[in-house]
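In: any chance you can model this:
(chains A and B)
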Amino acid sequence: GDSVTQMEGPVTLSEEAFLTINCTYTATGYPSLFWYVQYPGEGLQLLLKATKADDKGSNKGFEATYRKETTSFHLEKGSVQVSDSAVYFCALSLYGGSQGNLIFGKGTKLSVKP
Amino acid sequence: NAGVMQNPRHLVRRRGQEARLRCSPMKGHSHVYWYRQLPEEGLKFMVYLQKENIIDESGMPKERFSAEFPKEGPSILRIQQVVRGDSAAYFCASSPRGVDNSPLHFGNGTRLTVT
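Out: Numbers count the residues shown, from 1 in each chain, chains lettered A, B, ... in the order given. Next up, the predicted model:
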């Protein structure tokens, strides 16, 4: 069935380090792909998205490129900050750009130390 | 402009009791989604509702769980005769439209603990 696999955390980095969180997916058809972020005690917030192959989503210094050939959507940031500490979820939707029925990965917890 | 409001934030129930979780969508949003997050797991889709209609309940357990979104008032997720395995965080999300690129706005969740 359709699924999303993320690298397991927790990931601990020093401030200004480079971040990569791997995400691969299995899906029938052509899904849209998303990264969500969950700060402690809060709900999820959309970080970025890509709706077709080779699209690059970007926001707040984070980037991810939709790679159809490797079925991947890895999240990257060149220089992390303490405020980036959160849980990051990769997700896909089979309904075009609609995010209603999302399939989520298990999440990757990121801790950034000063 | 208030976001998606869920209450209560924390709910403790004994086995066999009923749990009622409420969600008020953002102003102007007529589509509501419920997700469940089990410990150490990602969110799992449960149900998608519009006002007075259930559009997709493919993620709802077949028994004990029900959801509604009445014409007036919040959406309610109801769990009857709760069991320990129901302990989880339940998130509600809303959008102005169900299809196309409408972003989802999530609430802060209700954390249900069954003792």
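In: list the helices and strands the helix or strand bottoming out on mean pLDDT in chain A packs on?
Out: Within chain A, confidence by mean pLDDT, DSSP states H and E is lowest for strand A:102-104 among all helices and strands, at a mean of 88. Using 3 or more CB pairs under 8 Å, 6 or more residues apart in numbering or on different chains; DSSP states H and E, the elements in contact with strand A:102-104 are strand A:3-6, strand A:86-93, strand B:43-50. The way it works is simple: take the backbone N, C-alpha and C, and place the C-beta from them, glycine included.
In: what strands line up against it, and which way round?
Out: Here strand A:102-104 has these sheet partners by DSSP bridges: strand A:86-93 (antiparallel).
In: returning to that earlier point: in TSV: the helices and strands packed on strand A:102-104, plus mean neighbour count, mean pLDDT and distance to A:Glu69.
Out: Shown next, in TSV, are the helices and strands packed on strand A:102-104 (neighbours: other CB atoms under 10 Å in any protein chain shown; pLDDT from 0 to 100; distance: least, CB to CB, whole Å):
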stretch	mean neighbour count	mean pLDDT	distance to A:Glu69
strand A:3-6	19	93	17
strand A:86-93	24	93	16
strand B:43-50	22	91	28
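In: could you export stretch B:28-48 as PDB, CA atoms only?
Out: Output in PDB follows, covering the C-alpha atoms of stretch B:28-48 (Å, rounded to 0.1, in the frame of the first residue of the first chain):
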ATOM      1  CA  GLY B  28     -14.800  30.500   7.000                       C
ATOM      2  CA  HIS B  29     -13.600  26.800   6.900                       C
ATOM      3  CA  SER B  30     -16.300  24.300   6.100                       C
ATOM      4  CA  HIS B  31     -14.100  21.200   5.800                       C
ATOM      5  CA  VAL B  32     -12.800  19.300   8.900                       C
ATOM      6  CA  TYR B  33     -10.400  16.300   9.100                       C
ATOM      7  CA  TRP B  34      -9.600  14.200  12.100                       C
ATOM      8  CA  TYR B  35      -6.300  12.500  12.600                       C
ATOM      9  CA  ARG B  36      -4.900  10.200  15.300                       C
ATOM     10  CA  GLN B  37      -1.300  10.100  16.500                       C
ATOM     11  CA  LEU B  38      -0.300   7.100  18.500                       C
ATOM     12  CA  PRO B  39       2.900   7.200  20.600                       C
ATOM     13  CA  GLU B  40       6.000   7.100  18.400                       C
ATOM     14  CA  GLU B  41       3.800   7.000  15.200                       C
ATOM     15  CA  GLY B  42       2.900   9.500  12.500                       C
ATOM     16  CA  LEU B  43      -0.600  10.800  12.100                       C
ATOM     17  CA  LYS B  44      -3.200   8.500  10.700                       C
ATOM     18  CA  PHE B  45      -6.200   9.900   8.800                       C
ATOM     19  CA  MET B  46      -9.500   9.100  10.400                       C
ATOM     20  CA  VAL B  47     -12.400  11.000   8.800                       C
ATOM     21  CA  TYR B  48     -13.200  13.900   6.600                       C
END
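In: residue contacts, A:Asn59?
Out: A:47-48 (CB atoms under 8 Å, 6 or more residues apart in numbering or on different chains).
In: revised request: answer the last question for B:Gln81.
Out: For B:Gln81, the contact set (CB under 8 Å, 6+ apart) comprises B:15-18, B:64.
In: closest to A:Thr28 out of the residues you listed?
Out: B:Arg64 (30.6 Å; CB to CB).
In: now the phi/psi pair for the nearest residue to A:Thr5 once chain neighbours are set aside, please.
Out: Closest residue to A:Thr5 apart from its sequence neighbours, by CB to CB, 6 or more residues apart in numbering or on different chains: A:Thr24 at 5.2 Å. Reported as degrees, to the nearest 10, the phi and psi values for A:Thr24 are phi -130, psi 160.
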